[in-house]
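J.: Sequence and predicted model, in that order:
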Amino acid sequence: MQQRFANIDVKKNLLLAKSKKGSLLDLHNEVKIITSADATFNLWSELIASYAQGELINVDTNPLRKFKETVRWKPEKDGVLSREFFKWLGNLTEADHVRMILHLLNRSGPKRTFKWPKVVIKQPSTVLESCYSVGEWIERRKRKHLVRRELQKLRPQLAFFDADQKFVPENWKRFKSEFNISAATMRLLLEQPGDHFFAEAKQLKSKNKTTEELSPYAKAFFKLFLIKRKKFVPPSGSTFFRRYNSATNLLGDWPGNRWDNNVPTKLAIVDFRNTPIQSKKKTSSVADPFFGDFMRTFEHKGMPGPTDPAVWLWISGDKETELQAYAHSDTLPFKDHYSKFMSLYAPGKYERLEDAGLKSTKTVTLLWLVKKPPPEGLVIPELFESPDHPANLKNRKYQELEYRVHNTELTMEFYVRVLNDWCKPGDKVLSVYAGSKFLIASVVSPRCISIFSSTRAEYGAVQCTISSSRADFTCNSFG
């Protein structure tokens with residue numbers, strides 16, 4: 001078949017189709033597949049055969065299984081690729097085809113350690129870290145291509161494309177290094193110019209239009225982006241971990257290179273949903289909270305002491321924990337040193353708090369302990385809601401799973417807001433079983449910070465991937 005269609009001129013075929021009147025079935029993407037290189041064509045054959053036989057992984061199963069192992073899967077109905085799938089392939093290069101197929105076949109390369117594929121053909125109902133539908137992945141590839149074009153227009157010396165308009169990966173890698181482009185930065189590049197700009201820029205009719213004609217906002221954004229990223233100075237700092245053993249109720253010491261003890265802790269967070277000895281919750285009470293042993297050990301051990309932080313934030317996940325936390329704040333040493341304020345955290349419509357793939361609308365109680373006397377004019381919101389931003393209003397736009405240790409962690413946006421409200425550069429923060437998002441937020445917040453962290457010994461050290469920290473940065477964390 002490949003030899004039979006090898007002499008078809010794809011461009012000529014498209015022109016012929018456009019010149020004829022009436023609606024014609026546009027098969028130019030299929031023709032491009034048939035006339036591709038042998039290696040690419042063979043990959044396509046493997047993908048189509050694997051899909052037809054149900055050999056691909058169904059990411060909506062737990063544990064993961066192949067589609068053919070699902071009872072309701074029928075080859076005549078579920079093993080046929082739709083025409084919509086091939087229509088999405090427009091404007092992709094043959095190299096893009098190869099990369100997409102390898103992702104679909106779960107052969108992305110040795111760097112990928114997840115058991116599920118990076119790209120799946122049908123939109124999954126669950127949300128998995130680094131997992132996209134074909135439509136989502138293709139859209140990202142097309143947007144990346146447009147972004148590179150726009151940035152090169154502003155700075156031709158970036159040379160993402162050579163004289164023959166062929167993409168030069170080496171120059172793109174150099175740009176990402178020089179301009180400190182992270183995965184989070186890339187998300188910004190692919191979202192901030194706006195859906196309208198990307199939709200218009202992909203149209204053939206927009207080929208000869210300037211960026212400003214398509215979107216003055218997008219033009220201004222790209223210019224400002226290059227200026228800001230060129231001036232960006234990677235932050236630096238330190239994070240320290242401290243171990244706690246719930247079996248023996250023993251709290252270890254900080255490492256020898258710990259933070260400067262002369263600098264007070266500004267902000268401390270305790271997430272009681274993740275504190276150890278959760279098994280005691282059934283027999284606990286307001287007078288004897290399930291987290292009592294841990295908190296008493298921590299308070300006695302100190303460093304920092306219970307009255308050192310200027311602000312405590314205690315997070316509760318249910319009414320029982322809320323009552324126990326509030327009662328504990330009325331005990332010494334907190335009672336005489338802190339004023340109390342209550343808030344509610346309302347998760348976004350599509351925010352996953354409890355588990356990947358679940359939609360949670362359950363509010364979370366926040367208890368603020370502010371050192372007396374509280375700052376003049378202090379106003380703590382009674383309700384923290386997700387901002388009315390498109391990323392917060394669309395399903396699957398919350399992609400923070402890679403940053404969290406606990407599924408119950410709140411959004412990065414919330415942690416950054418709290419840090420900006422309470423901290424300034426050089427301040428130290430303490431994280432007590434609040435997970436890793438708070439630590440990472442401390443790193444990227446323009447106001448922060450110093451991080452100290454401690455982990456539960458029985459679970460081993462929590463791996464927290466922090467690419468950089470800002471200013472004099474130190475943080476204190478349990479769990």
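T.: Looks like it arrived, so ask away.
J.: so where do the helices sit in the stretch 201-350 of the chain?
T.: Secondary structure of the stretch 201-350 of the chain (DSSP state H, counting those that start in this stretch): helices at 211-214, 216-231, 292-301, 319-328, 334-337.
J.: Over to the stretch 51-200 of the chain?
T.: Counting by DSSP H, counting those that start in this stretch, one finds helices in the stretch 51-200 of the chain at the ranges 75-78, 83-87, 94-104, 134-154, 169-178, 183-191, 195-201.
J.: quick revisit: JSON lines for the helices of the stretch 201-350 of the chain, including distance to residue 376?
T.: C-beta: built from backbone N, CA, C; applies to glycine. Shown next, in JSON lines, are these (distance: least, C-beta to C-beta, whole Å):
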{"stretch": "helix 211-214", "distance to residue 376": "47"}
{"stretch": "helix 216-231", "distance to residue 376": "35"}
{"stretch": "helix 292-301", "distance to residue 376": "29"}
{"stretch": "helix 319-328", "distance to residue 376": "25"}
{"stretch": "helix 334-337", "distance to residue 376": "18"}
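J.: Looking at those, spot the one closest to residue 266.
T.: helix 334-337 (14.9 Å; C-beta to C-beta).
J.: tell me which residues of that closest one are tucked away?
T.: By neighbour count on 16 or more other C-beta atoms under 10 Å, the buried set for helix 334-337 is 334, 337.
J.: Residue 380: neighbour count?
T.: 15 (other C-beta atoms under 10 Å).
J.: What residues does residue 307 make contact with?
T.: Going by C-beta atoms under 8 Å, 6 or more residues apart in numbering, residue 307 touches 333-334, 337-338, 371.
J.: before we move on, what about residue 75?
T.: 52-54, 68.
J.: would TSV of the residues you listed with distance to residue 416 be doable?
T.: Shown next, in TSV, are the contacts of residue 75 (distance: C-beta to C-beta, whole Å):
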residue	distance to residue 416
52	47
53	47
54	44
68	45
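J.: who wins for neighbours among the residues you listed?
T.: residue 54 (18 neighbours).
J.: any idea how far the nearest residue to residue 67 once chain neighbours are set aside lies from residue 291?
T.: Nearest residue to residue 67, sequence neighbours excluded (C-beta to C-beta, 6 or more residues apart in numbering): residue 54, at 4.0 Å. To residue 291, residue 54 is 48 Å away according to C-beta to C-beta, to the nearest Å.
J.: what does residue 416 give?
T.: For residue 416, the distance to residue 291 - C-beta to C-beta - is 26 Å.
J.: count of neighbours near residue 55?
T.: 15.
J.: How about residue 185?
T.: Using other C-beta under 10 Å, the number of residues around residue 185 comes to 15.
J.: Kindly report the same for residue 190.
T.: When counting by other C-beta under 10 Å, one arrives at 17 neighbours for residue 190.
J.: Residue 339 too?
T.: Neighbours of residue 339 under the rule other C-beta under 10 Å: 12.
J.: ditto for the one 5 residues further on
T.: When neighbours are defined as other C-beta under 10 Å, residue 344 has 13 of them.
J.: And for the spatially most central residue of the chain, nearest residue in space, chain neighbours not counted?
T.: With distances taken as C-alpha atoms, centre = their mean, residue 400 lies nearest the centre of the chain, 2.9 Å away. The shortest distance from residue 400 to any non-neighbouring residue, by C-beta to C-beta, 6+ apart, is to residue 412 (5.6 Å).
J.: Settle this for me: that neighbour is touching residue 437, isn't it.
T.: Yes: between residue 412 and residue 437 there is a contact at 5.4 Å, judged by C-beta atoms under 8 Å.
J.: Who has more neighbours out of those two?
T.: Higher neighbour count among residue 412 and residue 437: residue 437, with 23 against 19, using other C-beta under 10 Å.
J.: check contacts around that one.
T.: Residues near residue 437 by C-beta under 8 Å, 6+ apart: 400, 403-404, 409-412, 415.
J.: Spatially nearest residue to it (excluding sequence neighbours)?
T.: Counting by C-beta to C-beta, 6+ apart, the residue nearest residue 437 is residue 409, at 4.7 Å.
J.: How about residue 278?
T.: Once flanking residues are discounted, residue 278 sits nearest to residue 290: 6.8 Å by C-beta to C-beta, 6+ apart.
J.: Count the neighbours of that neighbour for me.
T.: 21.
J.: Tell me the confidence at it?
T.: Looking at residue 290, its pLDDT reads 91.
J.: how about it, what does it touch?
T.: Per C-beta under 8 Å, 6+ apart, neighbours of residue 290: 275, 277-278, 280-281, 283-284, 324.
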